[in-house]
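*Asks:* Build me a model from this:
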Amino acid sequence: VVNMEYDRKMDHPSNGVSILGCLRPAFADEESYIRRLFQCEDGDGYHSDWTDGEILSSDSRSDGSNNGSTLYRLEILRIELFSVYGVQSIISVQDFQDAEPDFLMHSTSVIVERFSEKGIRCDLALKALCKKKGLIVEEANLIGIDSLGVDVRVSFGLEVQTHRFPFKVR
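*Replies:* Here you go, the predicted model:
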């Protein structure tokens, strides 16, 4: 049972995604595939088994049993994006299923960390970018990057905002 009053509770949503769908038990072939994804063995002979919330067990071999747990699959009916930029949009389920991960996904944290390490030079560059875009800021910090642009958290006095600066070309 899903509370259909979710839209009333989201008068001021943060950056996020709302996914509406139906849960159903996973089919046998889906379940075995999912269990294989969440099982691994490290060099110490410990077996990491995701089932039933039990993270580590001293069992060095998996017997393939499901320990009475049931995995569920979410059949997505609707996806909505709630953005801090004031945009609320519905995402096509087919577009979501066909989407590829951003090629910078695995590098984002390293890029942001390196940018922060450079200190005052990068801070001045971000402030200059903000000024060029018509924003007067006291402080600017890079908080995210992807193939479409950068996210910068800016502050002026007590006001703090996040701005998206898109790249001209992908």
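*Asks:* Please write out the alpha-carbon positions of the longest helix seen in the chain in CSV.
*Replies:* Longest helix of the chain, by residue count under DSSP state H: helix 120-132. This file holds the C-alpha atoms of helix 120-132, laid out as CSV (Å, rounded to 0.1, in the frame of the first residue of the first chain):
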residue,chain,number,x,y,z
ILE,A,120,42.9,30.2,-3.2
ARG,A,121,43.6,30.0,-6.9
CYS,A,122,40.5,27.9,-7.6
ASP,A,123,38.4,29.9,-5.2
LEU,A,124,39.3,33.1,-7.1
ALA,A,125,38.5,31.3,-10.4
LEU,A,126,35.1,30.2,-9.1
LYS,A,127,34.3,33.7,-7.9
ALA,A,128,35.3,35.1,-11.3
LEU,A,129,33.0,32.6,-13.0
CYS,A,130,30.2,33.7,-10.7
LYS,A,131,30.9,37.4,-11.4
LYS,A,132,30.9,36.7,-15.2
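*Asks:* Quick check: buried residues in that helix?
*Replies:* By 16 or more other Cβ atoms under 10 Å, the buried positions in helix 120-132 come out as Cys122, Asp123, Leu126, Lys127, Leu129, Cys130. (Each C-beta comes from the backbone N, C-alpha and C, glycine too.)
*Asks:* where's the third one relative to Val17, distance?
*Replies:* With the distance defined as Cβ to Cβ, to the nearest Å, Leu126 ends up 27 Å from Val17.
*Asks:* mean confidence for stretch 137-149?
*Replies:* The average pLDDT for stretch 137-149 rounds to 90.
*Asks:* List the buried residues in it.
*Replies:* Using 16+ other Cβ under 10 Å as the test for burial, stretch 137-149 gives Val137, Ala140, Asn141, Leu142, Gly144, Ile145, Asp146.
*Asks:* Of those residues, which is the nearest to Ile111?
*Replies:* Nearest to Ile111 among the buried residues of stretch 137-149: Ile145, at 5.4 Å, using Cβ to Cβ.
*Asks:* Wasn't the closest one part of a strand?
*Replies:* Yes: assessed by DSSP: H, G, I helix; E, B strand; the rest coil, Ile145 belongs to a strand.
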